[in-house]
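[1] fold the following and give me the result.
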Amino acid sequence: MNKYKRTFVASSEIFSGYKVEIDIRRIETLEDIVEIFIRDLQSVLKKYNLEALLDKLNYGNEWHIHSHTLEEILTSNVDELFYVCNHCNVNSELEVTIL
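    Now for the predicted structure:
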């Protein structure tokens, strides 16, 4: 197992369970994680021509990580899961709106 990879999982009514492994050497902020996660999900939806799901992803979703700080993720165990959420009303600087 790669010591620099962390697993991020969608916490979402529609995309729940979708997982992305991200190399923590590529990130500087929580927003970086969310952007990489969303780009990966968009890529899969486009690849398989899942247009209705792509529309649901692209319009009106605010994705964020509110359960961990960047420091906690960077120093975490490689087996730990982190959730990228879009189904709660969290007003914080960690939200990334997908356009």
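
[2] buried set for the lengthiest helix in the chain?
    Of all segments of type helix in the chain, defined using DSSP state H, the longest is helix 30-47. For helix 30-47, a neighbour-count test (16 or more other CB atoms under 10 Å) marks 30-31, 33-34, 36-38, 40-41, 45 as buried. (Each C-beta comes from the backbone N, C-alpha and C, glycine too.)

[3] how far is that helix from where the chain is centred?
    Mean-position distance between helix 30-47 and its chain equals 7 Å (CA atoms, centre = their mean, to the nearest Å).

[4] following element in sequence after it, please.
    Proceeding N to C from helix 30-47, the next assigned helix or strand is helix 51-58, under DSSP states H and E.

[5] which non-adjacent residue is nearest residue 80?
    Closest residue to residue 80 apart from its sequence neighbours, by CB to CB, 6 or more residues apart in numbering: residue 6 at 7.2 Å.

[6] so the one you found is in which element?
    Using DSSP H and E, residue 6 falls in strand 5-11.

[7] let me see the mean pLDDT of that strand.
    Here strand 5-11 scores 97 as its mean pLDDT.

[8] got the phi/psi numbers for residue 66?
    With angles defined as degrees, to the nearest 10, residue 66 sits at phi -120, psi 0.

[9] same deal with residue 68?
    Here is the backbone geometry of residue 68 (degrees, to the nearest 10): phi -140, psi 150.

[10] next up, the contacts around it.
    Contacts for residue 68 (CB atoms under 8 Å, 6 or more residues apart in numbering) come out as 76, 82.

[11] now it: how far from residue 80?
    Counting by CB to CB, to the nearest Å, the separation of residue 68 from residue 80 is 9 Å.

[12] try residue 48
    Separation of residue 48 from residue 80 (CB to CB): 29 Å.

[13] okay, and for this protein, where does confidence drop off?
    Residues of the chain that meet the criterion pLDDT under 70 lie in 60, 89-99.
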